[in-house]
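Chemist: My questions concern the predicted model and sequence given below.
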Amino acid sequence: MSSHANDPAGSPSANYAELTAQVKALVAAEKDRVANAANIAALLYDGLPEVNWAGFYFYDGRELVLGPFQGKPACVRIALGKGVCGTAAASRTTQLIADVHAFDGHIACDADSRSEVVVPLARNDGTLVGVLDLDSPRPERFDAIDQRGLEDIAAVFIASLEHA
């Protein structure tokens with residue numbers, strides 16, 4: 001198993017280490033949730049290959065509501081437990097989906113998306129904030145390195161909320 005420190009420059013783990021450092025710099029001076037989510041979505045969309053959607057859904061106390069994103073227009077509201085995003089939010093576990101068409105109950109916001117990774121966002125006290133969602137037109141685009149990297153980025157985002 002590779003780690004960020006042992007991977008050569010240009011590797012996926014090294015790319016995530018750089019993206020995480022950039023996210024830390026982006027949120028360091030800003031505490032607004034929407035502003036930080038917008039910049040993180042733009043950074044991920046621009047900085048990761050073969051991604052056709054990157055963004056956030058925020059939990060409003062009843063359901064997930066579309067937040068800042070990059071990509072085609074998306075589903076606006078998602079019930080907890082429904083689709084990949086709702087499943088990640090309800091279970092508080094990252095969903096790494098190789099083929100969204102094989103995921104029971106997948107919500108097809110963009111017919112071009114074939115794989116997806118969704119990281120739940122929860123405060124230190126367990127309060128659900130929402131999810132970080134990335135889609136790709138390539139099946140099996142996301143792997144364990146993506147999962148770890150995106151979970152690290154999600155943790156930086158959550159930490160920025162703790163001090164807001």
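Modeler: Cool, got the structure. Residues are numbered from 1 along each chain as shown.

Chemist: residue ranges of the helices in the protein, please?
Modeler: With DSSP state H as the criterion, the chain has helices at 12-28, 33-47, 83-91, 144-162.

Chemist: just the ones you listed: most buried one?
Modeler: Of the helices of the chain, the one with the most neighbours on average (mean count of other C-beta atoms under 10 Å) is helix 83-91, at a mean of 22. (Glycine included, C-beta is placed from N, CA and C.)

Chemist: which residues are in contact with that one?
Modeler: Contacting residues not belonging to helix 83-91 are listed as 57, 59, 64, 78-81, 94-95, 97, 100, 103, 105-107, 116, 118-120, 128, 130-131, 133 [C-beta atoms under 8 Å, 6 or more residues apart in numbering].

Chemist: Separate out the buried members of these.
Modeler: By the neighbour-count criterion of 16 or more other C-beta atoms under 10 Å, these include these buried positions: 57, 59, 64, 78, 80, 94-95, 97, 100, 103, 106, 116, 118-120, 128, 130-131, 133.

Chemist: okay if I get the helices of the chain as TSV plus mean pLDDT?
Modeler: Output for these, formatted as TSV (pLDDT from 0 to 100):
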stretch	mean pLDDT
helix 12-28	95
helix 33-47	97
helix 83-91	95
helix 144-162	96
